[in-house]
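# I need the structure of the sequence given here:
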Amino acid sequence: MSALTCGRVALVALLVSSGANALVAQVPDDTVQVGDRILLRVDGEQQLSDTFTVNAGPAITLPAIGDVALRHVRRADVERHLAQEVGRYLKQPVVHARVLVRLGILGEVEHPGFYAVPADAVLTQAIMVAGGPTRDAKFAKLRIERDAAVVAAGESLQQSITRGLTVDQMRLRSGDRLVVPRRRDAAATAQLLGILVTVPAAIFGLTRIVR
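Purely as a prediction, here's the structure:
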């Protein structure tokens, strides 16, 4: 095989490999993550009705049951999974479960801080949990940070908000931060506030997380 042919083969292999890696990177990771919280209620079982933090594994530790593995369990399937696991110890349990993601809602919001937000909440609802944007907020410049990096911002993030994507669909993780920066012209934000106040933050029945 000539050197030119070998080079072409190597190039094709590199492109195929890069394409495969890109596809892997685009696969949504909607599984339960370490740091998530599970709001669990088992009818008639007070000790199993509480909020449990997902630890390494990932897994949660339930009273009288022990560790329950959550590896590869989608957030949307956690209730069904836990019903099966609890059913190993209780006869026909009635299980209610919801995944909460610990998010920082920071910047120009009424009550900045860290909140346990339902994974199926849309981003605007998550912001309303913190009281919604202030009149000085530059909502169009909203960004999402993870560690020291910005993972979402600009037009793509605004499109996600317009489409009504949820915390889960945005692949947000516990510890991520939604940052609303300040703006000079508050007129547009005042109009936005009139829209967002129609989203009742009280539907979550959640409280601010004290760190």
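# SS state for His81?
helix (DSSP: H, G, I helix; E, B strand; the rest coil).
# what's it in contact with, if anything?
Shown in contact with His81 (Cβ atoms under 8 Å, 6 or more residues apart in numbering): Leu70, Val73. Where you see a C-beta, it was placed from the backbone N, CA and C, and this is true even at glycine.
# where's it relative to Ala97, distance?
Separation of His81 from Ala97 (Cβ to Cβ, to the nearest Å): 8 Å.
# In contact with Arg143, which residues are there?
Val150, Ala152, Ala153, Leu157, Leu178, Val179, Pro181.
# ok, now Leu62?
Leu40, Leu48, Phe52, Val68, Val86.
# can you rerun that using 7 Å?
Applying Cβ atoms under 7 Å, 6 or more residues apart in numbering, we find Leu62 in contact with Leu48, Phe52, Val68.
# Let me have those residues in JSON lines, extended by neighbour count, distance to Thr61 and pLDDT.
Compiled in JSON lines, those are given as follows (neighbours: other Cβ atoms under 10 Å; distance: Cβ to Cβ, whole Å; pLDDT from 0 to 100):
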{"residue": "Leu48", "neighbour count": "21", "distance to Thr61": "11", "pLDDT": "94"}
{"residue": "Phe52", "neighbour count": "19", "distance to Thr61": "7", "pLDDT": "97"}
{"residue": "Val68", "neighbour count": "21", "distance to Thr61": "8", "pLDDT": "96"}
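# Show me these that map onto strands.
Leu48, Phe52, Val68 (DSSP state E).
# Number of residues surrounding Ala97?
Ala97: 19 surrounding residues under other Cβ atoms under 10 Å.
# my bad, Val94
Counted with other Cβ under 10 Å, residues neighbouring Val94 total 12.
# With adjacent residues omitted, what lies nearest to it?
Leaving aside its chain neighbours, Val94 sits nearest to Asp43 (4.0 Å; criterion: Cβ to Cβ, 6 or more residues apart in numbering).
# how deep is the one you found tucked in, by neighbour count?
Neighbours of Asp43 (other Cβ under 10 Å): 11.
# ok, it to Thr31 distance?
26 Å.
# swap in Val99?
Counting by Cβ to Cβ, the gap from Val99 to Thr31 is 10 Å.
# who has more neighbours, the two?
Legend: neighbour count by other Cβ under 10 Å for Val99 and Thr31, higher for Val99 (29 against 18).
# Surely the more buried one and Asp120 touch.
No. In this structure, Val99 is not within contact of Asp120 by Cβ atoms under 7 Å, at 8.1 Å.
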